[in-house]
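Novice: okay, predicted coordinates and the sequence, questions at the end:
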Amino acid sequence: MLKGRPVLPGHLKRPSNATSLRHVVVFLTLSVSSVAAAQAVPTIGSGSSSSGSQLPFHGTAVSYGHQLTADNPTPEVVGWSHRIGLMPEYHFNKVAFFRARLYLSQEFTPSDSTNTLHEIELSDLWVDAVWTGFKEKNTGIRIAGDLRTTFPTSKFSQGVSRLFTLGPSANVSRSFNVLGGLSLIYSGRFTWRFNRFTTRQNDGGFIINCGGFALPEACIDGNTGRRVAQADIIHGPTISFSPHARLNISGTFLLQHGFLPRLSPADAELAAQVPSLNAPSTNPNDYVAHFAAFSVGVTYTPWDPVSLTLGAFTFSPQLAGDGKYIFPLFNRNTVVSLDATFDIEAAVSSFTKEKK
């Protein structure tokens, strides 16, 4: 099972002020892949392109960062990993562009998601076709959207027989001229997954650091046969505030609802002994899984091509195994990260100006 480290939907537009931040924290959810696990990567992405830039690849960036999280199944052990993010963009004009994301991660501590120590893992590759939107003149409200396609380059997606996903999204935003800028955004995304099978096909790996469990089965993520979410809806608000031109604070809270395939009927012999097993389930929890995600980050841009972000991201089911609600903002699933993002276009522009 891949540990949760996701990514939230939405696209934060940079303030038009020329001295504003080159980057804001953008959280992009890759997807929840089943009721039991999520492939999620907290991402530090660039905002929309800077005002007046003529280079078609503006917004393209590379990031490098470290993350700390409680390790399963022993929360007293802290997991430490690092990650490289590749975030290309290509702009056709001011209203349409493509962007893609791919991450390589490696855990320094014994992992609960791999079979070997310090294994390098790939995230899924996703590509967005983005429409920057329409701004209503009287209210200042902007409506925008994108269409996301993801490809199963991660082991997790390959293990659930994924072919690809399609996920259209829409967001409504309003910007205010407060100090360096204030933006309120509400976004939603519907994702449909094209899978070969309705259940997972591969067992998970041996959990190296699960000492203290009496049963050896507790040390194995035996996930073969569990149903895979066919679709999901994720939605929620984002607030982005810049108290200074080079400082940004942002937060996002999302609710995600994953829709599962129908339960398979019991075999004939068992159904004859327990007829109720063949009756359609009336429990809504058999068909929908609910998750919550919360993220907060502070980004400082000391130099136009470089931004530093300190953030925290939490992604977990809304209910624990005992049926009790899990506090969604900070819990044992919280990942704390420190990332540096390098804006390629800004670096090229700075070098060009220095040469002149």
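Specialist: That came through fine.
Novice: can you show me the helices along the chain?
Specialist: Taking DSSP state H, the helices of the chain run over residues 155-159, 268-273, 344-355.
Novice: quickly, which of those helices bottoms out on average pLDDT?
Specialist: Mean pLDDT values for these show the minimum at helix 268-273, a mean of 64.
Novice: what's around residue 344, how many residues?
Specialist: 19 (other Cβ atoms under 10 Å). Bear in mind the C-beta positions are built from the backbone N, C-alpha and C, glycine included.
Novice: if you could redo that for residue 311, that was the one I meant.
Specialist: Neighbour tally, residue 311, other Cβ under 10 Å: 23.
Novice: hey, C-alpha coordinates of stretch 301-316 in PDB?
Specialist: This file holds the C-alpha atoms of stretch 301-316, laid out as PDB (Å, rounded to 0.1, in the frame of the first residue of the first chain):
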ATOM      1  CA  THR A 301      10.300  33.900  -2.500                       C
ATOM      2  CA  PRO A 302      13.800  35.400  -1.700                       C
ATOM      3  CA  TRP A 303      14.600  35.500  -5.400                       C
ATOM      4  CA  ASP A 304      12.300  35.400  -8.400                       C
ATOM      5  CA  PRO A 305      13.500  31.900  -9.600                       C
ATOM      6  CA  VAL A 306      13.400  30.300  -6.200                       C
ATOM      7  CA  SER A 307      10.600  29.800  -3.700                       C
ATOM      8  CA  LEU A 308      10.700  28.000  -0.300                       C
ATOM      9  CA  THR A 309       7.600  26.400   1.100                       C
ATOM     10  CA  LEU A 310       6.900  25.000   4.600                       C
ATOM     11  CA  GLY A 311       3.700  23.000   4.600                       C
ATOM     12  CA  ALA A 312       1.500  20.400   6.300                       C
ATOM     13  CA  PHE A 313      -0.900  18.100   4.600                       C
ATOM     14  CA  THR A 314      -3.400  15.700   6.100                       C
ATOM     15  CA  PHE A 315      -5.400  13.100   4.100                       C
ATOM     16  CA  SER A 316      -7.400  10.400   5.900                       C
END
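Novice: first vs last residue of stretch 313-325, how far apart are they?
Specialist: 18 Å (Cα to Cα, to the nearest Å).
Novice: list the buried residues for it?
Specialist: Residues 313-317 are the ones in stretch 313-325 that count as buried (16 or more other Cβ atoms under 10 Å).
Novice: next one: stretch 88-103
Specialist: 88-89, 91, 97, 99-103.
Novice: show the contacting residues for the closest residue to residue 149 other than its chain neighbours.
Specialist: Leaving aside its chain neighbours, residue 149 sits nearest to residue 127 (5.2 Å; criterion: Cβ to Cβ, 6 or more residues apart in numbering). Counting by Cβ atoms under 8 Å, 6 or more residues apart in numbering, residue 127 touches 98-100, 148-151.
Novice: show the pLDDT at residue 127.
Specialist: In this prediction residue 127 is given a pLDDT of 94.
Novice: cool, residue 64 as well?
Specialist: Note for residue 64: predicted pLDDT of 95.
Novice: so it touches residue 340, yeah?
Specialist: Yes: between residue 64 and residue 340 there is a contact under Cβ atoms under 8 Å: 5.5 Å.
Novice: give me the number of residues near the closest residue to residue 154 other than its chain neighbours?
Specialist: Nearest non-adjacent residue to residue 154, counting by Cβ to Cβ, 6+ apart: residue 124, 4.8 Å away. Counted with other Cβ under 10 Å, the neighbours of residue 124 add up to 24.
Novice: residue 301 too?
Specialist: 23.
Novice: what's the answer for the one 5 residues further on, then?
Specialist: Using other Cβ under 10 Å, residue 306 has 16 neighbouring residues.
Novice: skipping adjacent residues, who's closest to it in space?
Specialist: residue 342 (6.0 Å).
Novice: could you do residue 108 as well?
Specialist: Per Cβ to Cβ, 6+ apart, closest to residue 108 is residue 80, 4.8 Å.
Novice: repeat that for residue 180.
Specialist: Per Cβ to Cβ, 6+ apart, closest to residue 180 is residue 242, 3.1 Å.
Novice: I'd say that neighbour and residue 250 touch.
Specialist: No: at 9.1 Å, residue 242 does not count as touching residue 250 under the criterion of Cβ under 8 Å.
Novice: beta partners of residue 81?
Specialist: residue 67, residue 107 (DSSP bridges).
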